[in-house]
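>>> pasting the structure only:
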Ligand SMILES: C[S@@+](CC[C@H](N)C(=O)[O-])C[C@H]1O[C@@H](n2cnc3c(N)ncnc32)[C@H](O)[C@@H]1O
């Protein structure tokens, strides 16, 4: 990208003190994330990476792609702000940690981290990413579970004991919820349940990782179209015209191939991260950030849920059913289900303010509160005005969405605030 640095500067009044708000557009050359230091001037950052600057394989490097997650930020964006505002040995909090991007990047840079999330599956996923595994134990346990459940992968009829139940009329059923029976072909479901059963006997140190493999395979094996994996509305049981592959495709009956493929991929990804990771502690807590009790930290980097945009429990519904995880969706802030009415926005502002008040309480004066949000409704200036913060900058970046059928481009902002 070649264009002159485009910096617009304006003054705003926040908490009665005059502060400068900078909005940076596209600078001359996209920033190289791993070259950023605390001395890098904010106005020199250009976060408008294109596919050539940060290809998909780099954005989804090592454990970041253990499982798909709609609504995560890219690790390199977090890396820029960790390098600019934190030093090795310091402590960063993320009250909306989701799939754990902040925790993983912080660990790579030797920074301690604490994350919170209300969605149990996200907590499981983030923990599986930041856990340090003994490489030999991990490989052998994953191989053991694949081998022992293989028998059901290869046969149409074999069912492990304990996976069947009889109804009052004596009919045999697979022991599974209505949701699972509706969303999976019986063969795929048998394979998934057999894998789940084998995990029970695995070494506890590797269980969460095995559950992530199971859920990733389940996501791919749902009776859905290839082009609507994020939020399929109802099961697809018949062949359909596929927009992704431009041909007729058939819903899958086989989960075994996904289990094998993702088992291998997981070992490769964890091994890669093992070579980069540090010993910096990373703790992921399951809870509502409005009631979180956080340790003392140096600052915060987070991407909060946005108002009326995504239902975070719903996107991993299969995982909740397969693992029997507790569902706290009514405590999600800004859920899509709650919509974008004036009342929903007001509640959103109140909730986000209460979370940030708690995080500011455990930060030193001057500590950075860095928020990444596509603020379509202009709520973040309102949120800032209700908090004891000084606004250091707002950096806008162009985001090119390349996944699924959501081809549109949009802007997201990085709000850099300092505790007063
Ligand atoms: C935009 S996502 C964060 C994604 C994260 N940055 C990543 O890269 O994976 C927002 C997260 O906030 C979580 N969340 C929503 N309401 C919450 C609450 N009351 N307490 C804690 N977490 C909540 C959602 O479950 C979701 O994972």
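Sure thing, it's come through. These numbers come from a predicted model, not from an experiment. Numbers count the residues shown, from 1 in each chain.

>>> Going by C-alpha atoms from here, please, whenever you check contacts or count neighbours.
Noted.

>>> Output the set of residues of the stretch 251-400 of the chain in proximity to the ligand.
Applying C-alpha under 6 Å from any ligand atom, one finds that the stretch 251-400 of the chain approaches the ligand through 287-290, 302-305, 312, 331-333.

>>> hmm, try it at 8 Å
286-290, 302-306, 311-313, 331-335, 351 (C-alpha under 8 Å from any ligand atom).

>>> Narrow the residues you listed to those that are buried.
286-290, 302-306, 311-313, 332-335, 351 (16 or more other C-alpha atoms under 10 Å).

>>> returning to what we had before: where helices are concerned, which of the residues of the stretch 251-400 of the chain next to the ligand count?
Among these, the residues falling in helices (DSSP state H) are residue 351.

>>> centroid residue for this structure?
Among the residues of the chain, the one closest to the centroid is residue 99, at 3.0 Å (C-alpha atoms, centre = their mean).

>>> Test my guess that that residue contacts residue 130.
No. If you go by C-alpha atoms under 8 Å, residue 99 and residue 130 don't touch, sitting 10.4 Å apart.

>>> show me what contacts residue 47?
26, 30-31, 77, 397-398 (C-alpha atoms under 8 Å, 6 or more residues apart in numbering).

>>> Please identify which two of these are farthest apart in space.
26 and 77 (15.0 Å; C-alpha to C-alpha).

>>> Of the two, give the one with the bigger neighbour count.
Looking at residue 26 and residue 77 with other C-alpha atoms under 10 Å, you find the greater number of neighbours at residue 26, namely 23 against 18.

>>> What confidence value was assigned to that one?
Listed pLDDT for residue 26 reads 51.

>>> that older thread, mind putting the contacts of residue 47 in a markdown table, secondary structure included?
Below are the contacts of residue 47 laid out as a markdown table (DSSP: H, G, I helix; E, B strand; the rest coil):
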| residue | secondary structure |
| --- | --- |
| 26 | coil |
| 30 | coil |
| 31 | coil |
| 77 | helix |
| 397 | strand |
| 398 | strand |
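
>>> So which other helices or strands are in contact with the helix or strand hosting residue 370?
Residue 370 is part of strand 368-373 when elements are defined by DSSP states H and E. The helices and strands touching strand 368-373, judged by 3 or more C-alpha pairs under 8 Å, 6 or more residues apart in numbering; DSSP states H and E, are strand 299-302, strand 409-419.

>>> Next, the angle strand 409-419 makes with that strand.
Relative orientation of strand 368-373 and strand 409-419, computed by axes from the mean of the first three to the mean of the last three C-alpha atoms, to 10 degrees: 160 degrees.

>>> For residue 119, give me its contacts.
Residue 119 neighbours (C-alpha under 8 Å, 6+ apart): 98, 286-287, 312-313, 327-329.

>>> CSV for those, including pLDDT?
CSV is the format used below for the contacts of residue 119 (pLDDT from 0 to 100):
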residue, pLDDT
98, 97
286, 97
287, 96
312, 93
313, 93
327, 94
328, 95
329, 95
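
>>> which two in those residues are spaced the farthest apart?
Spatially, the most separated pair among these is 98 and 327, at 14.9 Å (C-alpha to C-alpha).

>>> what about these two, which has more around it?
The neighbour count for residue 98 versus residue 327, taken as other C-alpha under 10 Å, is higher for residue 98 (32 against 16).

>>> Look at the more buried one and tell me its secondary structure.
With three-state DSSP as the basis, residue 98 sits in coil.

>>> where along the protein do the helices fall?
Using DSSP H, helices in the chain cover 56-59, 75-85, 101-108, 120-130, 135-154, 178-183, 186-199, 207-221, 256-276, 317-323, 342-361, 380-385.

>>> Which among the ones you listed is found nearest to residue 410?
helix 75-85 (15.8 Å).

>>> and the angle from the closest one to strand 368-373?
Using the same axes, to 10 degrees, helix 75-85 lies at 160 degrees relative to strand 368-373.

>>> got the angle for helix 75-85 vs helix 101-108?
Using the same axes, to 10 degrees: helix 75-85 against helix 101-108 is 60 degrees.

>>> Check which helices and strands helix 75-85 is in contact with.
helix 101-108, strand 299-302.

>>> In JSON lines: those, plus distance to residue 376 and mean pLDDT.
Output for these, formatted as JSON lines (distance: least, C-alpha to C-alpha, whole Å; pLDDT from 0 to 100):
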{"stretch": "helix 101-108", "distance to residue 376": "23", "mean pLDDT": "98"}
{"stretch": "strand 299-302", "distance to residue 376": "17", "mean pLDDT": "98"}
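
>>> Switch the ones you listed over to TSV; also include distance to residue 62.
Below are those laid out as TSV (distance: least, C-alpha to C-alpha, whole Å):
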stretch	distance to residue 62
helix 101-108	10
strand 299-302	21
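
>>> Nearest to residue 45, out of those?
strand 299-302 (17.0 Å).

>>> Which strands and helices lie in contact with the closest one?
Contacts defined by 3+ C-alpha pairs under 8 Å, 6+ apart place strand 299-302 against helix 75-85, strand 91-94, strand 368-373.

>>> from those, which stretch is densest packed?
Greatest average neighbour count among these goes to strand 91-94 (a mean of 28), per mean count of other C-alpha atoms under 10 Å.

>>> what does the stretch 101-250 of the chain put close to the ligand?
Checking the stretch 101-250 of the chain against the ligand by C-alpha under 8 Å from any ligand atom, the hits are 101-102, 116-119, 122.

>>> Look up phi and psi at the residue located most distally from the centre of the chain.
Distance from the centre of the chain peaks at residue 169, with 44.1 Å (C-alpha atoms, centre = their mean). Torsion angles at residue 169 (phi, psi; degrees, to the nearest 10) stand at phi -90, psi 10.
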